[in-house]
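# fold the following for me, if possible:
(one chain, ligands or ions: 1)
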Amino acid sequence: MGLLSGKDVAEALKVQMKKDVDGLKGKGVQPTLGIIRMGAEPGDLAYEKGAKKTCEELGVGVQVFELPREGSQADLIATIKKVNADKAVHGVLLFQPLPKQIDAFAARAALDPAKDMDGITDGSMAGIYSDSGKGYPPCTAESVIKILKHYKVELAGKNVVVLGRSTVIGKPVSMLLLKENATVTVCHSKTKDLTKKTQEADVVVVAMGKAYFCDKSFFRAGQFVVDVGVNAKPSGEKGTCGDIKTEEVEPIVAGITPVPGGVGSVTNVNLITHVIDAAKKA
Ligand code: NAP
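Below you'll find the predicted structure:
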């Protein structure tokens, strides 16, 4: 199978999404994403541009609620509450990290989990852990599962090793993999014998944020590998790279996602699937 293109997964998702948007429009509803942004951080703007492009392509509306980077906690909370109550906005993306004068915990707590499109509220997290169906999983973590399903990688009964235990990726992806009946081992910086653990896995998900950390010694033939990492190239060259030395690992394993063009290509489309779903529920 070689490289597992995230772009192909995104295109496949869009086919159903277009149908869903048309269906909602027939009922007089335009699914709409609200973006809350403090300032104009380059990373936020790049993500916003991608999300807007996807929304435009699919006929999904976007409203941007912009506050100054030096804005106050009270203004941010008031904006979040306003968007919570706005029936024309079905889902919200709140850019993080927030500036240091903001209590990020209080900001996240102010967001209605039903409108939390990227799994940042405690309500959404609880939904993943309890299977209550409340809220939405973080888009990147869920994109890992969507990629594996798209390429028909079997998960039930398989051994999956996750490198990384962050709240945004490692932990939620582990919960989502359990839901698919995989046997999950979560590794982190204190884990011993990392390569032994990854070698034994059927599927490896790497979310460490360490450029080119995993070389071919981590992998063996027949495995499927998802590289979630997005890092600046250590050489100082332009562009991004993953946590894996893709060039030397790709010839060994059954399939691996590239960086760029892998998980990142699915994440922003996946965000819009949540908006469409929230519009259906509303
Ligand atoms: P993070 O919060 O820094 O977590 C990194 C995890 O990797 C931690 O659990 C850490 O262990 C573990 N780790 C670090 N060094 C290790 C080592 N030497 N051995 C074993 N484990 C180690 O990062 P994150 O937010 O999860 O992000 C991970 C990567 O995903 C980043 O490159 C980020 O840019 C990328 N990302 C991609 C997307 C996308 O759409 N593709 C979206 C978001 C993030 P400890 O817990 O012990 O410290």
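
# enumerate the residues of the stretch 101-250 of the chain near the ligand.
Counting by Cβ under 6 Å from any ligand atom, the residues of the stretch 101-250 of the chain close to the ligand are 140, 163-166, 168-170, 187-191, 194, 207-210, 228-231. From N, CA and C alone the C-beta is placed, and that goes for glycine too.

# out of those residues, which are buried?
Neighbour counting with 16 or more other Cβ atoms under 10 Å marks 140, 163-166, 168-170, 187, 194, 207-208, 210, 228-231 as buried within these.

# surely residue 65 is in contact with residue 48?
No - using Cβ atoms under 8 Å, residue 65 is not in contact with residue 48; the gap is 11.5 Å.

# which residues are in contact with both of the two?
35, 37 (Cβ atoms under 8 Å, 6 or more residues apart in numbering).

# my guess is residue 3 contacts residue 254. True?
No - counting by Cβ under 8 Å, residue 254 is not a contact partner of residue 3; they are 11.2 Å apart.

# if you count what's nearby, which of these two comes out ahead?
The neighbour count for residue 3 versus residue 254, taken as other Cβ atoms under 10 Å, is higher for residue 254 (18 against 14).

# tell me how far that one lies from residue 225.
8 Å (Cβ to Cβ, to the nearest Å).

# go on, residue 169?
With Cβ to Cβ as the criterion, residue 169 and residue 225 are 15 Å apart.

# could you report the neighbour count for residue 257?
Residue 257 has 30 nearby residues by other Cβ under 10 Å.

# tell me which residues touch the residue nearest to residue 220 when sequence neighbours are not counted, please.
Spatial nearest neighbour of residue 220, chain neighbours left out: residue 199 (5.4 Å); criterion: Cβ to Cβ, 6 or more residues apart in numbering. Contacts for residue 199 (Cβ under 8 Å, 6+ apart) come out as 218-220.

# can you pull the pLDDT of residue 199?
pLDDT, residue 199: 98.

# in whatever helix or strand it lives in, what's buried?
Per DSSP states H and E, residue 199 falls inside helix 194-200. Residues of helix 194-200 classed as buried by neighbour count (16+ other Cβ under 10 Å): 194, 197-198.

# so when I look at residue 65, I'm seeing a helix, right?
No - assignment of residue 65 by DSSP: H, G, I helix; E, B strand; the rest coil gives strand, placing it outside any helix.

# any idea how many residues pack against it?
18.

# ramachandran angles for residue 236?
The phi/psi pair for residue 236 (degrees, to the nearest 10) reads phi 90, psi 0.

# residues near it, how many?
6.

# how far away is it from the ligand?
17 Å (Cβ to the nearest ligand atom, to the nearest Å).

# how about the nearest residue to residue 151, chain neighbours excluded?
residue 4 (5.3 Å).

# phi first, then psi, for the one you found.
phi -100, psi 100.

# got it, and residue 183?
Main-chain dihedrals, residue 183, degrees, to the nearest 10: phi -100, psi 120.

# the residue lying closest to it once chain neighbours are set aside and residue 208, how far apart?
Nearest residue to residue 183, sequence neighbours excluded (Cβ to Cβ, 6+ apart): residue 159, at 5.2 Å. Distance, residue 159 to residue 208, using Cβ to Cβ: 19 Å.
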